[in-house]
Structure formats: structure tokens, C-alpha cells
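*Asks:* Sequence and computational prediction follow.
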Amino acid sequence: MSRGRGRRYNEPQLNKTKVLAVIVAIVVVIMFIFVIGGLFKNTNNQGKITSKDYVVAFKDNKWGVIDNQGNTVIDPAYQEMIVIPNSKNDVFLCTYDVDYSSGTYKTKALNSKNEEIYTNYEKIEAIQNMDENSNVWYESNVIKVQKDNKYGLVNLSGKEILPCEYDEISALTGVKNVFKIVKDGKIGIANDEGKIVLKPEYADLTNLGKDSKDGFIIKTEEGKYGVTNSLGELALDAVYDEVLKVHSNDMYVVKKLGKQVLVKKDGTEILNSGFDEITAILKNSENGVIIKNQNKYGVIKLTGETVVDVKYDDLKEGKSGALIAKDNNKYGIIDLEGNQKIEFKYNSISYNEAANIYIAENENFNNDILDNEFNVRLSGILIDLSEEKNYMELRQGDEYKYYNFKLEEKAQSDIFTSNTLFLSKKDGKYGFIDKTGKVIVDYIYDDATEQNVYGYAGIKKEGKWGSIDSKGNIVQEPIYNLEDYLKIDFIGRWHYGKDINMNYYNQL
């Protein structure tokens, strides 16, 4: 997925209607320039937003930082990996003097001038988070700081937005921009603006859905569970033995006396029998809920009436009214009357709501792309799907083709509008053309990559990889053996690291 290029400062312009004389105009301009210059100088002391991207670099078993042109910003000199919370800000968090036997270490923050910033804190750390696939990422708007053995939050400009008065601050797993705060053994929630959403008065809490908009599951000191909305207001009384992460706008699945129950937000019980588990409330809740009995799945209405027999090995909703089902170790699609819409012949099926398509993998591990009426519209190997740019890339035979979410084929230039080079293949060799189709790089390479957001592309010759720039000039001769690497990508002479979860670039 493409990243934005960042924000640029607007060039100051003089309001000519206010000018009374040439000398006054000159003085005003000079003063304005000095003021703006002072502002930039002050901003540089902390973290500034730039048009650059900063990435972690690894060389000679040491860690540093480079920019998106491959220039060294912080020399690779650190034993521990440097953390960059936000690639657009020159705030680099370094860990040093690590004693693994005692678990002690020191931290500091540097800017792009290699100057130490946030010096009035004992420790400065990024807040680590993790998505549903266990991929690690860092919160990009705030940093955790420590003073007098208490924790607070600062933004990337260095402003303290939450005072250092908490025993611990941590991410709410999988949810951006909200944090658990602990004070005197009680837990609350703060957001990335420093606002206290829930005061620290709970024994525990977690997110109800995939983001904070769905609200939070709370646990009282008495061991009872309830729900608050995203504003911290009570949405479901804390009187239950458990609240599960299965909900709709006004209904929740809870546990009461060891049994799951579907309740309204006012506590009225809707369903309390006829199932072992409720695994999902359908998008149109009037259609009912997906239930599980003795490891088989089906659907019942809110009245308890069976809609889809409880006989499937798995059952999930795709588009409203359509169910992705598993039977005899194969996936297909049925409707709410149990009618088969897609034959049970796939290894897997998923529904992408943004694209409004189904992606099915067949026994040969190729993909069929189906529209919302269950017609197979495209086939191939799905290489990429970008909800940000509304396209998907499919490998079809020896060709790579691009389609929008209407499943219309598009030229590379329609998708990658800022690119100067486009990958092309001829007679079994790869080269690059421009938007007009003019050959810029001859067809001499055994393999190559698309131009990336930084303007670089990978080139492969005689089993080794190198890189070219946005004009097709060779930046790095093919010298790298990257056969064991899952991702081929370059920034100048730096190539992407072997562990793709660590997001760093390497150089010989």
C-alpha cells in the first residue's frame, strides 16, 4: 500500500493590501522570515513532520536510520534496533547499555541532526501493539515517557499530553490510539490526545470490537462485566460473569451462570437456550445469529427458530444475507435459506467488504475472484489488494495484471499515477517503460520489481539483485543473493531485511 508523501509547509506570502510603502514591506518580509525561521529551529529540537520517510537501517550488525533516498541519517552504531514510531517524524528511539541478566537498559531519543531530544525524562519508549495476525507495530502519534518512576505520554512534537503519574501505560491490543492506564492498581483508558476516556477505576478492561468506536468491556472490582461506549458512558450494566466480543448496535452476548445469553443493552434477554455458543450476530440482526452446537454451526432467528441447519464445520457471514460455509473440509457459500450459491470446492473463501468481492482459493492454490452475485469474474494468483488505492494485482500465467474494484482491467499508469517507470516483460526478460510506452530500461533482466513509493525498483541478473532509481539509472549493481527473502524492495543501495515483520533495510 502506498504511503502519503507527507505535509509541506506553506510558503509565506505577503498581503499586498497591507503594504503602505516599499520599506515597510521589506521590513515585514524580513521579520516574517526570521519568525518562521525561529519556528523551524524550535520544531527541529523535537520531532518535525517532513516530506521524507525515515526507515531503520542495519549494517555490520549495528542499527541506524536512513531516509527514503538511502542517505544515512543516524550511523549504524547501536546494538539494539532503533524504533521509529512515525516514518514522517524525525524521532528515533534508541536503547543502549542493556544488561540482559538484570533486565536493565537506558533509552534516548534522537532527531535527524543526531541531537538528543526529550532529555527531561528518564526513559522514552514507543508503545508496541499487535494486530490479529500477531504482526507487531508501534503507535505513531505518541510516546511513553517515564519520570520519577511514573509514566505519561508525549506527542511527537514533545508536548506532554498526559502527566507522568501512572504506574503503567500500554496499548490496547489491536486498537489504535487508545491506551490502558494503570493507577493505584486500577485500570482506565486514555486516547492519543491525552484525554481520559475512562477513569482508572476498573479491575480490567478491553476493547469490544476492532476499534475504540465499538466501546469497551469493563470488569469491576467485584468481578462483574459490563460495557461502556466510546465516550466512556455505561452501555450495559456490569452485572454479568463475562461479556464476549460478539455484539451488534444494541445487543451483546454475555455469560450468566455459566451459560451464554443474548441481551439487549437494557438487559432484556433475547436468547438463552438452543445453543452452546453464539459466534456472531448477523449484520441484519433480524436475520438472527450464528450458533455452535457440538462443534457444528447453523443459524437461528431471535425467536429461536432454526433458519440454517446446524450441520456445518464453519460458518461466517459475507455480504449481508450470504454465509461462507465449510462442509467436508471444503468451502462454499449458502444463503439464509440454506440454498447453495457457490459449490463446496474451495480451500478457503473470504469476503472483502471494501471491494465487495469474494476471494476463493482452489485446490491448486490459485484464486477465483467472485462478484457479490457469486459470479467468477477473474482467476489467477492474488498478489496484492489495496483498499487505499482501490486496486488488486493478479498474476495470470506469466503476466501481472491490475484491476479496480469494479473488476475492470487497468494499466499500471492508471494505478501508480506518480510512478515514472513501469515494469514490462518481453521475450522472457524484464525492462521498464514510461507512461507513453517508451523503453527506458532495456529488457535485460531475469526478474524485477515494480517501482516503489520511494522511486526505486529491484533488478535481478544472474541470480543476484540490485536496484535502479526513478530515471532508470543503476544505483546498486546486482550483487545481493536474496533467494531466501520474502520481500524484494530497495531504497538506494539498501535492500529490505529478511524478517519482514521488523521493517528494516540492510546493506553489505
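*Replies:* Noted; the coordinates are in hand. Treat the numbers as computed from the prediction; the structure is a model and nothing was measured.

*Asks:* Flag the shaky bits of the chain, pLDDT-wise.
*Replies:* Applying pLDDT under 70 to the chain flags the ranges 1-50.

*Asks:* How are the helices of the stretch 301-450 of the chain distributed by residue range?
*Replies:* With helices called from DSSP state H, counting those that start in this stretch, the stretch 301-450 of the chain shows them at 412-415.

*Asks:* From start to finish, how long is stretch 103-116 in a straight line?
*Replies:* Distance between the two ends of stretch 103-116: 24 Å, counting by C-alpha to C-alpha, to the nearest Å.

*Asks:* For that stretch, which residues meet the burial criterion?
*Replies:* In terms of neighbour count (16 or more other C-beta atoms under 10 Å), stretch 103-116 has its buried residues at 107-112. To be clear about C-beta, it is placed using only N, CA and C from the backbone, and glycine gets the same treatment.

*Asks:* Just give me the closest of those to Gly304.
*Replies:* Thr107 (57.1 Å; C-beta to C-beta).

*Asks:* sorry, back to before: mind putting the buried residues of stretch 103-116 into JSON lines with secondary structure and distance to Gly185?
*Replies:* Listed next are the buried residues of stretch 103-116 as JSON lines, based on DSSP: H, G, I helix; E, B strand; the rest coil; distance: C-beta to C-beta, whole Å:
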{"residue": "Thr107", "secondary structure": "strand", "distance to Gly185": "26"}
{"residue": "Lys108", "secondary structure": "strand", "distance to Gly185": "30"}
{"residue": "Ala109", "secondary structure": "strand", "distance to Gly185": "30"}
{"residue": "Leu110", "secondary structure": "strand", "distance to Gly185": "35"}
{"residue": "Asn111", "secondary structure": "coil", "distance to Gly185": "37"}
{"residue": "Ser112", "secondary structure": "coil", "distance to Gly185": "41"}
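
*Asks:* which ones are touching Ala355?
*Replies:* Shown in contact with Ala355 (C-beta atoms under 8 Å, 6 or more residues apart in numbering): 385, 387, 390, 392, 405.

*Asks:* and the residues you listed, which are buried?
*Replies:* 385, 392, 405.

*Asks:* how many neighbours does Thr303 have?
*Replies:* 8 (other C-beta atoms under 10 Å).

*Asks:* now swap in the one 10 residues further on and tell me
*Replies:* By the other C-beta under 10 Å criterion, the neighbourhood of Asp313 contains 14 residues.

*Asks:* Hmm, it is touching Ile324, no?
*Replies:* No. The criterion here is C-beta atoms under 8 Å, and Asp313 misses it with Ile324 at 11.6 Å.

*Asks:* pretty sure Glu286 belongs to a helix, no?
*Replies:* Yes. Membership of Glu286 in a helix is supported by DSSP: H, G, I helix; E, B strand; the rest coil.

*Asks:* That one touches Leu302, doesn't it?
*Replies:* Yes. Applying C-beta under 8 Å, one finds Glu286 in contact with Leu302, separated by 7.2 Å.

*Asks:* between these two, which one's more packed in?
*Replies:* Taking other C-beta under 10 Å, Glu286 and Leu302 do not tie; Leu302 has more neighbours (16 against 7).

*Asks:* Any figure for the gap between the closest residue to the more buried one other than its chain neighbours and Ile300?
*Replies:* Excluding the flanking residues, the one nearest Leu302 by C-beta to C-beta, 6 or more residues apart in numbering is Ile270, at 5.4 Å. Using C-beta to C-beta, to the nearest Å, one gets 11 Å for the distance from Ile270 to Ile300.

*Asks:* and what of Val136?
*Replies:* According to C-beta to C-beta, Val136 and Ile300 sit 39 Å apart.

*Asks:* Between those two, tell me which one has more neighbours.
*Replies:* Between Val136 and Ile300, counted using other C-beta under 10 Å, Ile300 has the larger neighbour count: 20 against 11.

*Asks:* show me the contacts for the more buried one.
*Replies:* Contacts for Ile300 were tallied using C-beta under 8 Å, 6+ apart; they are 271, 274-275, 288-289, 291, 306-307.

*Asks:* Just the ones of those in strands?
*Replies:* 271, 289, 291, 306-307 (DSSP state E).

*Asks:* Return the residues in contact with the closest residue to Lys461 other than its chain neighbours.
*Replies:* Excluding its sequence neighbours, the residue lying closest to Lys461 (C-beta to C-beta, 6+ apart) is Pro478, at 4.5 Å. Counting by C-beta under 8 Å, 6+ apart, Pro478 touches 459-462, 464-466.

*Asks:* Verify the contact between Lys316 and Leu323 for me.
*Replies:* Yes. Counting by C-beta under 8 Å, Leu323 is a contact partner of Lys316 at 7.0 Å.
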